[in-house]
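In: What shape does this take:
(one chain, ligands or ions: 2)
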Amino acid sequence: MTGSVPRGVLAREWKESFEEIYSGAVNELSPPLKLFKKVYCGALTAVSYAKKMLNRSICRYGADYFVGYPDTEFYLPAIFALSGEKITKLGELVPILNRMRDQIKEDFSFYQARLHGEATAYAAEIIESLRYLNGTKSYAAPWSSFLGDSFVRRYGILLVDWTIPGFAVIMGRAKTLEVLKKIVQDLQDKGFMIFLSNEIAEQAMEANLKLGADFITFPFRRFTQVIHAMDFCLRTGLAFGGIEPGNRQDVRDYVRRRVRAFVLHLGKIDDIQSAAHLAAIFLGSPVITDQELLGGEQIPNWYLSHLGDDLVTVAMEVRGIKLKIVDIPVPINVSSVFEGEIIRKSDLRIEFGGGRTTAFELVKMVSGKEIEDGKIEVIGPEIDEVEEGGCLPLGIIVKIFGHKMQEIFEGVLERRIHNFINLGEGLWHTAQRDNCWLRISNKAASKGFQIYHYGELLLAKFKNDFSSIVDRVEIELITDSKLVEEKVKEAWEVYIARDERLRGLTDELVEEFYFCLVCQSIAPNHCCVITPERPGLCGAVSWLDAKASFEIDPIGPCRPIKKEGLIDEEKGIWESVNEYVYLNSNRSIKECSLYSLLARPMTSCGCFEAIMGIVPETNGVMISTRKYGGMTPCGMTFSTLAEIIGGGVQTPGFMGLARSYILSRKFIRAEGGIARIVWMPKELKEYLGERFCQRCEEEGLGTDFVEKIADETVGETAEEILAYLEKKKHPALTMDPLL
Ligand code: SF4
Ligand code: ZN
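Out: Ligands and ions are numbered 1, 2, ... in the order given. Presented below is the predicted three-dimensional model:
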């Protein structure tokens with residue numbers, strides 16, 4: 001992730017006054033009078049026009065008639081966010097518009113100009129909302145209309161963590177199509193979200209630019225629709241910032257800090273447009289235009305004229321947007337837009353792991369002498385030596401040297417391989433460690449993508465995203481099956497040693513847990529809570545890893561949760577955990593227990609190492625793993641189960657988990673712990689091995705407990721295993737009823 005800003009932080013953590021950001025920009029003794037007068041006139045016009053439209057609608061439909069946008073829980077979002085008013089009826093808009101009219105005064109200070117901007121935003125919001133009366137959508141494709149909450153969930157999170165580096169609103173009219181083309185394509189290459197308004201949007205269509213959600217470039221037919229940019233930004237504050245609607249300061253503060261927006265205005269500027277510019281500034285976004293401003297009146301940092309053709313660069317500088325990734329040398333596009341991309345069997349050029357072959361990934365810290373910076377080596381066959389739809393084993397070994405690198409960071413960096421590879425168009429990666437599973441699509445391969453390019457991608461991303469700790473990187477991509485089998489054993493030793501580091505650390509001993517939001521790019525409401533005795537469900541983020549991640553990047557995806565307000569010790573429910581989970585799950589998960597499968601279990605994204613689920617007939621639970629392809633006593637295979645429980649929802653009775661969690665003393669403590677396990681595949685029994693037997697003994701279940709647990713050789717249905725459990729006198733049969 002390129003971001004260095006926290007997700008899910010409460011706005012109150014930044015307590016300074018928002019208005020301070022404007023101080024000193026304008027000499028109030030000689031303000032840019034011409035500009036502020038234009039803004040005043042523009043605001044007046046906008047509000048009067050809104051009034052006229054509103055009156056007409058009320059005459060026609062009545063004051064009680066419903067008004068609102070489709071697909072949003074935030075009413076008219078700009079108004080709701082700024083004032084907290086929940087508008088649903090036409091009549092309710094009348095006093096609001098009057099209030100805005102009163103807010104427009106013949107006072108030409110910068111402060112007042114911003115209030116004029118605000119009034120203009122309200123006017124635009126009202127005018128636009130009236131176009132949705134009757135439930136009709138007044139804009140047909142290819143034009144964009146109001147972007148619903150689903151868009152906010154999909155792209156908002158990427159904007160606020162700066163994966164999408166910024167948000168450009170382009171308005172006016174470009175001198176030529178070429179000028180516009182250059183600007184838009186430049187922004188698209190950089191991964192920006194783009195709103196095109198009115199004439200510019202028409203020009204963009206004429207120029208055949210790539211438009212629509214796939215390119216996060218939205219063309220709006222009418223000028224007033226520019227308000228939807230504000231609707232979008234403000235909702236990120238409500239949805240991700242945990243800000244109360246109506247908290248006008250905090251929501252603007254959030255938007256300014258997290259959504260790096262700016263306005264580019266091309267061509268002549270009329271009064272209403274000037275007023276709209278001030279609405280952007282009111283929200284903390286600067287405006288840059290290719291026009292000479294009247295009397296040369298600029299406002300440093302906020303309202304600038306730039307006559308050169310590097311408008312985008314200037315806008316980014318003013319907004320403080322730095323892009324680190326410069327052209328990764330791979331023949332495919334690399335962007336967060338591709339993170340959720342799925343590669344089906346029919347599009348498959350080649351795959352690695354996923355049960356067909358051995359695949360693993362490992363990040364290892366080495367000394368400066370053991371590394372050749374920038375070296376990438378493929379050891380074994382390349383992609384062209386394999387038929388279409390075929391597979392190869394794969395070992396990804398990333399050697400890292402850094403003056404500030406520490407061994408405890410290895411796991412954190414390794415976990416990011418997943419995100420990095422998924423950025424590539426036509427690349428797919430899931431799970432981690434020796435469970436990882438990768439695919440390259442036909443399309444990517446036809447563009448020339450080879451196994452070697454995984455190296456280029458990882459090299460660039462590690463250097464870019466972890467520049468504070470990574471100095472040198474060398475990458476080995478092993479596809480030689482003998483060597484992979486050899487090296488995976490070395491990797492196991494490292495994985496186990498990492499897990500062992502936690503030994504002796506209990507949930508009671510620490511003061512804080514961590515949450516991890518790495519997987520929100522794929523499951524936007526998912527949030528793992530990580531404790532010493534419960535690793536993230538991917539099995540690759542332990543409490544120590546999360547702690548290290550926080551150390552490397554204090555405002556990154558893993559952050560601490562103070563353990564406060566114990567509600568239920570048995571189930572593992574804390575007030576503070578609930579609060580964080582709620583805020584970081586887009587307010588979808590109200591309560592979350594850390595040690596229970598039945599009562600509000602943790603959500604599951606998609607990269608769990610294993611899945612557990614109740615088998616009601618046996619009064620116990622079964623666990624299946626990614627490596628086991630057969631049927632389970634739940635009546636579903638792992639992949640069907642994964643589809644049902646994944647995506648970031650709570651599914652009481654089912655849960656994704658890390659294999660090592662089974663060895664934890666906190667393993668579903670609320671339901672009675674490991675004594676509940678009635679079935680798991682042989683493969684898992686082998687993996688857990690001696691460590692599991694020790695745990696059984698500790699629990700007083702005897703070292704032979706593992707034999708009482710059924711596996712696929714006993715049966716794959718509840719009926720088949722029940723007889724076995726009875727014969728073996730499995731304790732689950734006589735425990736308290738699960739349901
Ligand atoms: Fe983080 Fe959980 Fe995803 Fe693992 S599964 S990377 S712990 S969010
Ligand atoms: Zn995940």
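In: which residues sit against the helix or strand hosting Leu187?
Out: Assigned by DSSP states H and E, Leu187 belongs to helix 177-189. The contact list for helix 177-189 (CB atoms under 8 Å, 6 or more residues apart in numbering) reads 168, 170, 174, 194, 196, 200, 203-204, 206-207, 209-210, 215, 217, 264, 266, 309, 311-312. (Glycine included, C-beta is placed from N, CA and C.)
In: who touches the residue in the chain that ligand 1 sits nearest to in this structure?
Out: Ligand 1 sits closest to Gly536 of the chain, with a gap of 2.1 Å, by CB to the nearest ligand atom. If you count contacts by CB under 8 Å, 6+ apart, Gly536 has them with 516, 528, 530, 542, 546, 658.
In: Just the ones of these in strands?
Out: Among those, the ones falling in strands (DSSP state E) are 516, 528, 530.
In: so can I have TSV of the residues you listed showing distance to ligand 2, pLDDT and neighbour count?
Out: Output for the ones in strands among the contacts of Gly536, formatted as TSV (distance: CB to the ion, whole Å; pLDDT from 0 to 100; neighbours: other CB atoms under 10 Å):
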residue	distance to ligand 2	pLDDT	neighbour count
Cys516	9	95	27
Cys528	8	96	26
Ile530	13	97	25
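In: Spell out which residues belonging to the stretch 401-550 of the chain are near ligand 1, please.
Out: Applying CB under 6 Å from any ligand atom, we find that the stretch 401-550 of the chain lies next to ligand 1 at 415, 516, 518-519, 528, 536-538, 540-541.
In: Sorry, wrong one. I was asking about the chain.
Out: Looking at ligand 1, the residues of the chain close enough under CB under 6 Å from any ligand atom are 415, 516, 518-519, 528, 536-538, 540-541, 605, 607.
In: top of these by neighbour count?
Out: Within the residues of the chain next to ligand 1, most neighbours by other CB atoms under 10 Å means Gly536, with 31 neighbours.
In: How about it: what's its closest non-neighbour residue?
Out: Cys528 (4.2 Å; CB to CB, 6 or more residues apart in numbering).
In: Same check on Ser588?
Out: Asn525 (4.6 Å).
In: Tell me, how many residues neighbour the closest residue to Glu206 other than its chain neighbours?
Out: Nearest residue to Glu206, sequence neighbours excluded (CB to CB, 6+ apart): Leu177, at 6.2 Å. A total of 14 residues lie near Leu177 under the criterion other CB under 10 Å.
In: Would you check how far apart Leu177 and ligand 2 are?
Out: 43 Å (CB to the ion, to the nearest Å).
In: Low-confidence ranges, the stretch 151-300 of the chain, go.
Out: By pLDDT under 70, the stretch 151-300 of the chain has no low-scoring segment.
In: got a list of what the nearest residue to Ala540 once chain neighbours are set aside touches?
Out: Distances taken as CB to CB, 6+ apart place Gln432 nearest to Ala540, at 4.0 Å, with adjacent residues excluded. Applying CB under 8 Å, 6+ apart, we find Gln432 in contact with 361, 414-415, 417-418, 538-540, 607.
In: Let's see that with 10 Å instead.
Out: By CB atoms under 10 Å, 6 or more residues apart in numbering, Gln432 lies in contact with 360-361, 411, 414-415, 417-418, 495, 536, 538-541, 607, 609, 658.
In: Just give me the residue right at the centre of the protein.
Out: Central residue of the chain (CA atoms, centre = their mean): Ser521, 3.3 Å from the mean position.
In: Make sure it is actually in contact with Gly156.
Out: No - counting by CB atoms under 10 Å, Ser521 stays clear of Gly156, with 11.9 Å between them.
In: Using CSV, write out the CA atom coordinates for the helix-or-strand element of the chain with minimal mean pLDDT.
Out: Least confident helix or strand, the chain: helix 311-319 with a mean of 87, by mean pLDDT, DSSP states H and E. Extracted in CSV, the C-alpha atoms of helix 311-319 (Å, rounded to 0.1, in the frame of the first residue of the first chain):
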residue,chain,number,x,y,z
LEU,A,311,-1.1,21.5,-14.6
VAL,A,312,-1.3,18.0,-13.1
THR,A,313,2.2,18.2,-11.6
VAL,A,314,1.5,21.6,-10.1
ALA,A,315,-1.8,20.5,-8.7
MET,A,316,-0.2,17.5,-7.1
GLU,A,317,2.5,19.6,-5.6
VAL,A,318,0.0,22.1,-4.2
ARG,A,319,-2.0,19.3,-2.8
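In: List the buried residues for that helix?
Out: 311-312, 314-316, 318-319 (16 or more other CB atoms under 10 Å).
In: Any idea what Leu266 is bridged to?
Out: Taking DSSP bridges, one obtains Gly172 as the residues bridged to Leu266.
In: Return the residues in contact with it.
Out: 170-175, 179-180, 183, 199-200, 203, 288-291, 311.
In: now the following helix or strand past the helix holding Leu187 against helix 177-189, angle please.
Out: Sequence order places strand 193-197 as the next helix or strand after helix 177-189, per DSSP H and E. For strand 193-197 against helix 177-189, the angle by axes from the mean of the first three to the mean of the last three CA atoms, to 10 degrees is 150 degrees.
In: In the stretch 601-739 of the chain, what residue lies closest to ligand 2?
Out: Relative to ligand 2, the nearest point of the stretch 601-739 of the chain is Cys605 (3.1 Å; CB to the ion).
In: Then the stretch 351-500 of the chain?
Out: His418 (7.8 Å).
In: show me what contacts that residue?
Out: Taking CB under 10 Å, 6+ apart, one finds 339, 361, 429-432, 436, 438, 518-519, 521-522, 538, 540, 607 in contact with His418.
In: Tell me which helix or strand it sits in.
Out: helix 410-422.
In: sorry, back to before: as JSON lines, the buried residues of helix 311-319 with distance to Gly42 would be great.
Out: Putting the buried residues of helix 311-319 into JSON lines (distance: CB to CB, whole Å) gives the following:
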{"residue": "Leu311", "distance to Gly42": "23"}
{"residue": "Val312", "distance to Gly42": "26"}
{"residue": "Val314", "distance to Gly42": "24"}
{"residue": "Ala315", "distance to Gly42": "22"}
{"residue": "Met316", "distance to Gly42": "27"}
{"residue": "Val318", "distance to Gly42": "23"}
{"residue": "Arg319", "distance to Gly42": "23"}
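In: wait, which of the residues you listed is closest to Met735?
Out: The shortest approach to Met735 among the buried residues of helix 311-319 belongs to Arg319, at 59.7 Å (CB to CB).
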